[in-house]
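Engineer: Generate a structure from the sequence data that follows.
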Amino acid sequence: MFKDHSSKRLSVTDTLIGQGTVAEGKISCEAGLRVEGEYRGDITCKGDVIIGECGVARSNIEARDVTIAGKVYGDIQTTGRLTITSSGQLHGNVAAKALIILDGAVLNGSCRMNDKQSEGAKTGSQPHAVQDRDNSQQSAKEQREGAKARQAG
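Structural biologist: Have a look, this model is predicted:
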C-alpha cells in the first residue's frame with residue numbers, strides 16, 4: 001500500500017525557476033534544478049543543474065552534473081560532467097570530472113579537471129607532482145641548450 005520513496009533516483013528536475021522569474025538567495029536541493037529565469041545566489045544541488053537558454057545565473061554552482069545553455073556568472077564545481085551547449089556562456093572557473101564544450105559556446109575562466117589520479121596525489125603519493133616538476137626542469141634545460149646552440153651557430 002505504501003511505496004518506498006527512499007530508493008527513488010534523484011535525476012528528475014523537481015525545482016524550476018521559470019522564464020520571467022527573478023529570484024535571489026541560496027538554494028540547496030536534493031534533486032534537480034532548472035533555471036529558465038534569472039537567479040542570484042549560491043546553488044548547492046545533489047542532483048543535476050540545468051541553466052536553460054533563457055536562464056541567467058549569477059551564482060556559484062555545486063552539483064553532480066551541470067548543463068549550461070544560458071548564461072552563468074560564477075564558479076562551477078561538479079562531481080560529474082559540465083556541458084556548455086552552443087548557446088551557453090560561462091564567465092567563471094570550473095572544477096569538473098568531465099567537460100564538454102560545444103562549438104559556439106563561451107568559457108571565460110580557468111578549468112581544473114578532477115579525477116581519481118589527482119585524488120591519489122592528495123592522499124600522500126606524489127608521482128604526478130614530481131613528474132611534472134621534473135618535466136618542467138627538463139624543458140627549461142632544453143630551452144637553454146637550444147638558445148646556446150642558436151647563439152653559437
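
Engineer: and Asp14, what pLDDT?
Structural biologist: Confidence at Asp14, expressed as pLDDT, is 84.

Engineer: One more: Lys148?
Structural biologist: At Lys148, pLDDT is 58.

Engineer: cool, Gln117 as well?
Structural biologist: Confidence score, pLDDT, at Gln117: 46.

Engineer: try Arg40
Structural biologist: Value for Arg40, per-residue pLDDT: 97.

Engineer: my read: it touches Ile27, true?
Structural biologist: No. With contact defined as Cβ atoms under 8 Å, Arg40 and Ile27 do not form a contacting pair (10.6 Å). C-betas here are computed from N, CA, C, even on glycine.

Engineer: neighbour-wise, which of those two wins?
Structural biologist: Applying other Cβ atoms under 10 Å to Arg40 and Ile27 shows that Ile27 carries more neighbours, namely 18 against 14.

Engineer: Might you report the residue contacts of the nearest residue to Gly20 once chain neighbours are set aside?
Structural biologist: Closest residue to Gly20 apart from its sequence neighbours, by Cβ to Cβ, 6 or more residues apart in numbering: Gly37 at 5.9 Å. By Cβ atoms under 8 Å, 6 or more residues apart in numbering, the contact set of Gly37 is 17-23, 54-56.

Engineer: Out of these, which is nearest to Lys97?
Structural biologist: Nearest to Lys97 among the contacts of Gly37: Gly55, at 23.0 Å, using Cβ to Cβ.
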